[in-house]
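Enquirer: have a look at this prediction, sequence included:
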Amino acid sequence: SQTIHQWPATLVQPVGSPLSLECTVEGTSNPNLYWYRQAAGRGLQLLFYSVGIGQISSEVPQNLSASRPQDRQFILSSKKLLLSDSGFYLCAWSLGRDSGNTIYFGEGSWLTVV
Amino acid sequence: GNSVTQMEGPVTLSEEAFLTINCTYTATGYPSLFWYVQYPGEGLQLLLKATKADDKGSNKGFEATYRKETTSFHLEKGSVQVSDSAVYFCALSGGSGSARQLTFGSGTQLTVLP
């Protein structure tokens, strides 16, 4: 069966420091991969999605970037964190192109920028 | 583009009460509709989904029917339990947006008291 792993689970970083959140999916090939952010008390915002290695689409202009160095690996990065980057980051995956295909989420990473 | 409007919370119910969380959407074409649940401190889990008009999704006693005439996908449960306390998100994919991306509502916090 397919599983998704995301780490670290929690992170406290000072303003201006770099960020790297990593996500891997097991048990499938060529998944669509996503990074979402959930700010405190708010809904989910799609940050990036990828349909293949090296193919990244950005939904929201921001201080973050994403990379997909391998088929089942998706990395969220920042060179210099801002206070507004604090939030709950969720990696997710799906298969295929149909709208009815379920998107599965990881357990999330709590980022606090201080 | 696509949008989802969800009943605002928080919602507080007593155990065994009837639950309805309203969800309406805006999209052209035939989107797929989802309900996700987020338990405290965790990622999102798919609760149920429906991919075409008049379909009923169901899981763990929860139900929602895809109503194209009213563009709605209301979540219902006949008798809630304390363990149902969580945040519930309505979402859609497809329609006038990408088939591979989810558009979320803002979430509804449900608290069930014993």
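Expert: Right, received. Where do you want to start?
Enquirer: wait, B:Ser3 touches B:Thr24, no?
Expert: No. Using Cβ atoms under 8 Å, B:Ser3 makes no contact with B:Thr24, being 9.2 Å away. (Glycine included, C-beta is placed from N, CA and C.)
Enquirer: can you list the low-confidence ranges for the chain?
Expert: Picked chain A for this. Chain A contains residues with pLDDT under 70 at A:40-42, A:61.
Enquirer: wait, chain B
Expert: Filtered on pLDDT under 70, chain B yields the residue ranges B:96-97, B:99.
Enquirer: which residue ranges form the strands in it?
Expert: Using DSSP state E, the strands found in chain B span residues B:3-6, B:11-14, B:19-21, B:23-26, B:32-38, B:44-50, B:56-59, B:62-65, B:75-77, B:86-93, B:103-104, B:108-113.
Enquirer: and of those strands, who's closest to A:Ile4?
Expert: strand B:44-50 (11.4 Å; Cβ to Cβ).
Enquirer: and that closest one, which strands flank it?
Expert: strand B:32-38 (antiparallel) (DSSP bridges).
Enquirer: got a list of contacts for the strand it pairs with?
Expert: With contact meaning Cβ atoms under 8 Å, 6 or more residues apart in numbering or on different chains, strand B:32-38 is reached by A:98-100, A:102, A:105, B:23, B:25, B:44-51, B:57, B:62, B:64, B:66, B:73, B:75, B:86-94, B:102, B:104, B:107.
Enquirer: what sits against residue 45?
Expert: Because you didn't say which chain, this covers chain A. Per Cβ under 8 Å, 6+ apart, neighbours of A:Gln45: A:Tyr36, A:Arg37, A:Gln38, A:Ala39, A:Glu59, A:Val60.
Enquirer: looking at chain B here, not the other one
Expert: Contacts of B:Gln45 (Cβ under 8 Å, 6+ apart): A:Phe105, B:Tyr36, B:Val37, B:Gln38, B:Tyr39.
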